[in-house]
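K.L.:
Provide a 3D model corresponding to the input given below.
(chains A and B)
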2 protein chains.
Amino acid sequence: MPVEPRLLKGFRDFLPGEQAGRQAMIDRITRAFEACGFSPLSTPAIEYADILLGKYGDEGEKLLYRFQDNGGRDVALRYDLTVPLARVVAQYRDLPRPFRRYQVGTVWRAEKPAHGRFREFLQYDADIVGSASPLADADCLAAGILALQGLGLDRFRVRVGHRGVLDGMLDGAGLPRGSLRVDVLRVLDKWEKVGREAVAGMLAGLPGMDPGAAERVLEALGDGTDEGRVEALAARAPEAVGHLRGVLEAVRAMGFGEVVGMDLRIARGLDYYTGTVYETTLLDLPGVGSVMSGGRYDGLLQTYGVPSVPSVGISIGVDRLFAALTELGCAPKGVSGPQVVVCLLGEGVLRPGMALLTDLRRLGVRAETAPDPAARLKKQFEHAVRRQARYAVILGDAEVREGRGAVKDLASGDQQDVPIPDLPQWVRRRLAEE
Amino acid sequence: MPVEPRLLKGFRDFLPGEQAGRQAMIDRITRAFEACGFSPLSTPAIEYADILLGKYGDEGEKLLYRFQDNGGRDVALRYDLTVPLARVVAQYRDLPRPFRRYQVGTVWRAEKPAHGRFREFLQYDADIVGSASPLADADCLAAGILALQGLGLDRFRVRVGHRGVLDGMLDGAGLPRGSLRVDVLRVLDKWEKVGREAVAGMLAGLPGMDPGAAERVLEALGDGTDEGRVEALAARAPEAVGHLRGVLEAVRAMGFGEVVGMDLRIARGLDYYTGTVYETTLLDLPGVGSVMSGGRYDGLLQTYGVPSVPSVGISIGVDRLFAALTELGCAPKGVSGPQVVVCLLGEGVLRPGMALLTDLRRLGVRAETAPDPAARLKKQFEHAVRRQARYAVILGDAEVREGRGAVKDLASGDQQDVPIPDLPQWVRRRLAEE
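P.N.:
Numbering: from 1, shown residues only, chains lettered A, B, ... in the order given. Coordinates of the predicted model:
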């Protein structure tokens, strides 16, 4: 019985056109992250389940791909790249600190598939483990911003929040800590999507919330972006305010004042964040959600029985961003497919034709023959055109006897003879000049 | 209770030093595969189990990471990249043919972990789907050989076998087809590891094998590399012999005669191979096994209910090869970590220091500050040296007032003042000249 060729829901194939662009995008992010002094790390896709549990909140944990392996071990596919990083730093105790690493990798979440939401997707992270300095936050933000700008994006806004500052503000508004506080954060997190009015309604409707408190919360918070209000909290939460101020100051000094701003409404769902939190909105596509997020997670390593290590990082949602860039018409294209098709006229030229092919390829010129080099020249040309090659090189018995090949420019139709030994360099130079 | 940070057996972390080299290796393979006209594809790590079943033999199938997902679906992690490619071509019926794709990706096999054998590893494949021509085989081999040569390897041997030719030979030796034949192939596959004597003994000892037949098999096969014996089979298995001859002729014409040779003893375990099969041995490390393998699988697509499509490919075992290159002392190193550390002397220079940092990074210079820019200069220098930076740039109040930075060459100890606006380009030029 034949099996129907099909994909699981929430999973995707990337065919060559798209995948070439996706790879070009990854390359540009790599360049930005390396420019910022980050080094690559790779960790496995599968971890012992207990390494991942207790990190993502109850809702997150339900989304784990968790199963028993053939040896009966309780394992799970990674849900993000942050927790494996914490595991690595806890496991290899002699890594240099601060440890600045980038990692690109697939993560899996059994979400309900929806438009733009997938169960398998690529994340690209930059983190600094072992520095409590606001400069470490700023450096992660710089890496992410340079990556986005390197992709040709300029209309985006990085929003910087701080859980400690927000807590200080809510303390000041007389809101008790505890489960009501958690509910309030969850509501505030929806602000950008639903607007202030709706938030006010949702706050007032929270069980256990008295109407006065809801008003005081909104009053204290303003729209969450007024840095003046934060200064007033300096006495109540000096460390948090000082850190947040330090991060904003540093990213502004770095020249990113235009794209970065404070926004205390950001709470983010993950359990492990302890201080600053980051989200990034595309101004022309706010609906796609945050394309680059992160924050500080100073307590995460403790869960592995090692002393706490101050850590911060950002994560670019590669696939979400790629989809957005495609929608904006500025996704990188990448390159693939041959620049040159070598057309062979007859069995007798197989040997020189194949040798020429190798010479072209050794110079880095993307080159191939037509699939059937015994076909008529017209068919071989058609292949070259279909493959969007730049040049066709024609080798027949006469050409080979005279030690030359005919190079046809497939855009202009011009054709010119070039001595075979010079031909690969000749083509390469022409391609480089374009 | 803290969780012990640990890895599953058979899984690995790649810390920055190693991962940078691994990425450099992948980049070079990409360059070779693109030069040969292959384009990138990406497929999910998880497939419906039935997509993968019946492809890898009973032994292979036991090694699948197969589980029920949260929706109760029977799924499995991919075991190789060939079967997902076949699924893609069967599913998207309008892909251009021949379809030349490369793909690098993680695969999972629940093998017994052993030295050099892992449960998660990277494969890098190049395949051509939709061409029966020996030139397609040769092009896949060319891509793989150029990749290996691009990594600085020259002492390797690609062995080309052909199941059809071998069958013809064994028919000639009077060996019946059927289960005995399968056993014989399995024994022949061990030849390189155990030697001719041991193979002779194992053949003679096979249940159902009469001693005369074992001798005739060895007699017919010789050492498997004598192309003259194959010519004698041309009448018995004309198509197979013609194809094998065509492949060898083409790769020799391509200039790879030195590294490619026929070897009929190769059988390979995977069920889906139908004609040519390939293995690659490192002459200086034969014990690591094949680092690049593949073959023709003309029947694979039929299992998805589409007409058969002639297909061929090769697969580089990235991790096995990287380990081997490391052992041979020629693994690519890659680059990472900062080229420049900006040392700030005092809070007053944070702003110009951060701006300079961004300017360096925008030019692609890998740059960072010391983790604590308020530390004494000596400590900041020590950081620069530990990070193996090439230059330290020193900015103090005096320097900033005078609009210059001091650039210290950390190799020679030389130090020189450079105007701040020129400094990023100055450093970039110096680095480019090295």
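
K.L.:
I'd say A:Gly348 and A:Ala398 touch.
P.N.:
No. The criterion here is Cβ atoms under 8 Å, and A:Gly348 misses it with A:Ala398 at 10.6 Å. Just so you know, the C-beta spots here come from the backbone N, C-alpha and C atoms, and that holds for glycine as well.

K.L.:
So which residues of the stretch 201-350 of chain A form strands?
P.N.:
Secondary structure of the stretch 201-350 of chain A by DSSP state E, counting those that start in this stretch: the strands cover A:260-262, A:276-282, A:292-296, A:311-317, A:340-344.

K.L.:
between those, which gets nearest to chain B?
P.N.:
strand A:340-344 (8.4 Å; Cβ to the nearest Cβ).

K.L.:
If you average the pLDDT over the next helix or strand after that closest one, what comes out?
P.N.:
Note on strand A:340-344: by DSSP states H and E, the next helix or strand toward the C-terminus is helix A:350-362. Across helix A:350-362, the average pLDDT comes to 96.

K.L.:
Other residues contacting the helix or strand bottoming out on mean pLDDT in chain A?
P.N.:
Every helix and strand in chain A was compared by mean pLDDT, DSSP states H and E; the lowest is helix A:191-194, with a mean of 84. The contact list for helix A:191-194 (Cβ atoms under 8 Å, 6 or more residues apart in numbering or on different chains) reads A:199, A:202, A:224, A:265, A:281, A:286.

K.L.:
near chain B, which residues of the stretch 151-300 of chain A?
P.N.:
A:249-250, A:253-256 (Cβ under 8 Å from any Cβ of the partner chain).

K.L.:
Among these, which pair sits farthest apart?
P.N.:
Of all pairs drawn from these, the greatest distance, 12.6 Å, lies between A:Glu249 and A:Gly255 (Cβ to Cβ).

K.L.:
What strands flank the helix or strand where A:Val75 lies, and is each parallel or antiparallel?
P.N.:
Take DSSP H and E as the rule and A:Val75 turns out to sit in strand A:74-77. When pairing is defined by DSSP bridges, strand A:74-77 lines up against strand A:46-48 (antiparallel), strand A:66-68 (antiparallel).

K.L.:
Show me which of those has the highest average neighbour count.
P.N.:
Stretch with highest mean neighbour count among the strands paired with strand A:74-77: strand A:46-48 (a mean of 22; mean count of other Cβ atoms under 10 Å in any protein chain shown).

K.L.:
Need the residues that contact it.
P.N.:
With Cβ under 8 Å, 6+ apart as the test, strand A:46-48 has contacts from A:69, A:73-78, A:83-84, A:87, B:6-8, B:11, B:65, B:108, B:120.

K.L.:
how deep is A:Gly130 tucked in, by neighbour count?
P.N.:
Neighbour count of A:Gly130, defined by other Cβ atoms under 10 Å in any protein chain shown: 17.

K.L.:
Give me the pLDDT for A:Gly269.
P.N.:
A:Gly269 carries a pLDDT value of 64.

K.L.:
for the one 10 residues further on, same thing?
P.N.:
The score at A:Glu279 is 96. That number is its pLDDT.

K.L.:
Measure how buried it is and give me the count.
P.N.:
24.

K.L.:
Low-confidence stretches in the stretch 251-400 of chain A?
P.N.:
Applying pLDDT under 70 to the stretch 251-400 of chain A flags residues A:269-270.

K.L.:
ok, 90 please
P.N.:
Counting by pLDDT under 90, the stretch 251-400 of chain A contains low-confidence residues at A:265-273, A:286-289, A:334-336, A:346-348, A:371-375.

K.L.:
and what of the stretch 51-200 of chain A?
P.N.:
The stretch 51-200 of chain A contains residues with pLDDT under 90 at A:56-59, A:113-117, A:172-196.

K.L.:
ok, 80 please
P.N.:
A:115-116 (pLDDT under 80).

K.L.:
residue ranges of the helices in it, please?
P.N.:
A:57-62, A:82-91, A:134-150, A:163-172, A:179-188, A:191-194, A:196-204 (DSSP state H, counting those that start in this stretch).

K.L.:
can you redo those helices as JSON lines with mean neighbour count?
P.N.:
Formatted as JSON lines, the helices of the stretch 51-200 of chain A follow (neighbours: other Cβ atoms under 10 Å in any protein chain shown):
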{"stretch": "helix A:57-62", "mean neighbour count": "12"}
{"stretch": "helix A:82-91", "mean neighbour count": "24"}
{"stretch": "helix A:134-150", "mean neighbour count": "26"}
{"stretch": "helix A:163-172", "mean neighbour count": "21"}
{"stretch": "helix A:179-188", "mean neighbour count": "17"}
{"stretch": "helix A:191-194", "mean neighbour count": "15"}
{"stretch": "helix A:196-204", "mean neighbour count": "15"}
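
K.L.:
circling back: who has more neighbours, A:Gly348 and A:Ala398?
P.N.:
Higher neighbour count among A:Gly348 and A:Ala398: A:Gly348, with 14 against 11, using other Cβ under 10 Å.

K.L.:
what about that one, distance to A:Glu399?
P.N.:
11 Å (Cβ to Cβ, to the nearest Å).

K.L.:
what's the neighbour count on the closest residue to A:Arg390 other than its chain neighbours?
P.N.:
Using Cβ to Cβ, 6 or more residues apart in numbering or on different chains and skipping the chain neighbours, the partner closest in space to A:Arg390 is A:Gln339 (4.8 Å). When counting by other Cβ under 10 Å, one arrives at 24 neighbours for A:Gln339.

K.L.:
Hmm, A:Gly364 and A:Gln339 touching each other?
P.N.:
No. If you go by Cβ under 8 Å, A:Gln339 and A:Gly364 don't touch, sitting 9.7 Å apart.

K.L.:
Count the neighbours of the residue nearest to A:Arg117 when sequence neighbours are not counted for me.
P.N.:
Of all residues not flanking A:Arg117 in the chain, A:Glu111 sits nearest, at 5.5 Å (Cβ to Cβ, 6+ apart). For A:Glu111, the count of nearby residues is 13 (other Cβ under 10 Å).

K.L.:
what do you get for A:Ala323?
P.N.:
A:Ala323 has 19 nearby residues by other Cβ under 10 Å.

K.L.:
And A:Gly396, by the same measure?
P.N.:
17.

K.L.:
and the nearest residue in space to A:Val288 that is not next to it in sequence, what does it touch?
P.N.:
Among residues not flanking A:Val288 along the chain, A:Ala324 sits closest, at 5.0 Å (Cβ to Cβ, 6+ apart). By Cβ under 8 Å, 6+ apart, the contact list for A:Ala324 reads A:282, A:285, A:288, A:291.

K.L.:
how far away is A:Ala324 from B:Gly299?
P.N.:
Taking Cβ to Cβ, one finds A:Ala324 at 42 Å from B:Gly299.

K.L.:
Surely A:Val3 is in contact with B:Asp50?
P.N.:
Yes. Under the criterion of Cβ under 8 Å, A:Val3 makes contact with B:Asp50 at 4.8 Å.

K.L.:
can you tell me the distance between the two ends of stretch A:62-78?
P.N.:
By Cα to Cα, to the nearest Å, the extent of stretch A:62-78 from end to end equals 13 Å.

K.L.:
Measure how far it is from the centre of its chain, please.
P.N.:
On the basis of Cα atoms, centre = their mean, to the nearest Å, stretch A:62-78 sits 25 Å off its chain's mean C-alpha point.

K.L.:
Buried residues, that stretch. List them.
P.N.:
By neighbour count on 16 or more other Cβ atoms under 10 Å in any protein chain shown, the buried set for stretch A:62-78 is A:63-67, A:69, A:75-78.
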